[in-house]
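Asks: Build the 3D model from these lines:
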Amino acid sequence: MAGVALDGSTIAPSTKVGFVTYTEWHMASNGWGGVYPFPTPRTTNAVINGKVVSNSHIRINGKPLSVQNENTYEHWIASPSPQASPGGWIDSIIPAPDGSGTGTGTIQNSGSHVKINGVPIALIGTGVTTCLGTSTTLNSGSDFVNVI
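Replies: Sure, this is the predicted structure:
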């Protein structure tokens, strides 16, 4: 039996591998006593977390029930975070896109036979496509109502 997803239910964290690119700028010697900037391109992952945003008129314990195609509000952050080295050999780092961001994902079809206005309700474990295109699942909700 699976519980139902509600407004505020969370998604399981998801990782977009290599999403953030950045350049480490090192200062190197030119051999004649001068220095010049030397760029080194790098990548790091983005970890996505989020919550369901539901506006259903059907409520469970005061929270709107979630259905297929509703959105998840998500925040992603570069992980591991690009950082200048403590020894100072990296002079600056420029990530692209910035080291964090927000977006919306979409709840997929739960396969549930229980529907609201013809749309399947979302269950704990239902798939989600994140704002960065990765796949994850809804990992919280209410076990007060279980769908068999």
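Asks: Would you point out which residue is most central in the chain?
Replies: Per Cα atoms, centre = their mean, the C-alpha nearest to the average position across the chain is that of I48, at 1.9 Å.
Asks: Can you name the element that comes right after the helix or strand hosting it?
Replies: For I48, the element it lies in under DSSP states H and E is strand 35-53. Counting by DSSP H and E, the element after strand 35-53 in chain order, helix or strand, is strand 59-60.
Asks: next structured bit after that following strand?
Replies: Helices and strands here follow DSSP H and E; after strand 59-60, the next one along the chain is strand 63-64.
Asks: Return the set of buried residues in the next helix or strand after that next one.
Replies: Note on strand 63-64: by DSSP H and E, the next helix or strand toward the C-terminus is strand 71-79. Going by neighbour count (16 or more other Cβ atoms under 10 Å), the buried part of strand 71-79 is 71-72, 74, 76, 78-79. The C-beta positions use only the backbone N, C-alpha and C, and glycine is treated the same way.
Asks: With stretch 123-137 instead?
Replies: In terms of neighbour count (16+ other Cβ under 10 Å), stretch 123-137 has its buried residues at 123-124, 126-128, 130-132, 134, 136-137.
Asks: what's it in contact with?
Replies: For stretch 123-137, contacts defined as Cβ atoms under 8 Å, 6 or more residues apart in numbering pick out 2-5, 9, 11-16, 19, 46, 48, 50, 68, 72, 74, 76, 102-110, 112, 138-141, 143, 147.
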